[in-house]
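Asker: Structure, please.
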Amino acid sequence: GAGQIWEVVTSKGVVVRCAKAVSSAPFDARLSPGSLVQEVQREGDRLRYNRIAGTGYGPDSGWVSVRVAGIDLLLPSDIEPPPPGWKVLEEELPTPEALLALPGPPAPDGGGRSRGRAQ
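Answerer: Numbering: from 1, shown residues only. Got it, this is the predicted structure:
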C-alpha cells in the first residue's frame, strides 16, 4: 500500500515514465539498481513512486513496472527507516505534452533525438 518501500532489484535499473501508461514518454535516466522508493500509488504492476534520498539515482518521481514478463524489477523492502525518518524526494511529473516539447540529449552522431524503442 501507499508508503511501502520498494527496492530496485534488477541489475539494469528500471525505465521511468511520466505517466501510468507504458506507452507514455520515458525519462532519459533510469532508476538505478539498489534505489529505494516510496510507493505513492499502485495499479497492477505499475507503481508511482517518490525516491528516497541517498539511495541510488534517477528521476525523483515517476511510474515504473514492478514486474515485466514474470521478472521482478522492484520488490517490497522491509528495511527500517533511519531514526529521523526517510527523506523522500518528490518532483512534479511533467505532462506528456510538456515532455514531448523538451529538447532531448543530442544523439552521438549529432543527429536528432532517436525515437527508436529501447530494449
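
Asker: And the contacts of the biggest strand by length in the chain?
Answerer: Using DSSP state E to define each element, the chain has its longest strand at strand 36-43. For strand 36-43, contacts defined as Cβ atoms under 8 Å, 6 or more residues apart in numbering pick out 1-8, 20, 31, 47-52, 55-56, 61, 64, 66, 74, 77, 79, 86, 88. For the C-beta atoms, the positions are set from N, CA and C on the backbone; glycine is no exception.

Asker: didn't I5 look like it was pressed against E80?
Answerer: No - applying Cβ atoms under 8 Å as the test, I5 and E80 come out as separate, 9.7 Å apart.

Asker: So those two - more neighbours on which side?
Answerer: Under the criterion of other Cβ atoms under 10 Å, the comparison of I5 against E80 puts I5 first, with 20 against 7.

Asker: So what sits opposite that one in the bridge?
Answerer: Q38, S77 (DSSP bridges).

Asker: So for it, what pLDDT did the model give?
Answerer: Listed pLDDT for I5 reads 96.

Asker: what's the spacing between it and D78?
Answerer: Per Cβ to Cβ, to the nearest Å, I5 is found 8 Å from D78.

Asker: Overlap in contacts, these two.
Answerer: Common neighbours of I5 and D78 (Cβ under 8 Å, 6+ apart) do not exist.

Asker: Pull up the per-residue confidence for the spatially most central residue of the chain.
Answerer: In the chain, the centroid-proximal residue (Cα atoms, centre = their mean) is V16; its distance is 3.5 Å. Note for V16: predicted pLDDT of 97.

Asker: Which residues are in contact with it?
Answerer: 26-27, 29-31, 58-59, 62-64.

Asker: Just the residues contacting stretch 58-71, thanks.
Answerer: With contacts defined as Cβ under 8 Å, 6+ apart, stretch 58-71 is touched by 6, 10, 13-20, 22, 24, 27, 29-32, 35, 37, 40, 42, 45-51, 72-75, 89-93.

Asker: Looking at these, which are in strands?
Answerer: Within the contacts of stretch 58-71, residues falling in strands by DSSP E are 6, 37, 40, 42, 46-51, 72, 74-75.

Asker: Could you work out the most separated pair of those?
Answerer: Using Cβ to Cβ, those span at most 20.3 Å, a distance reached by N50 and D72.
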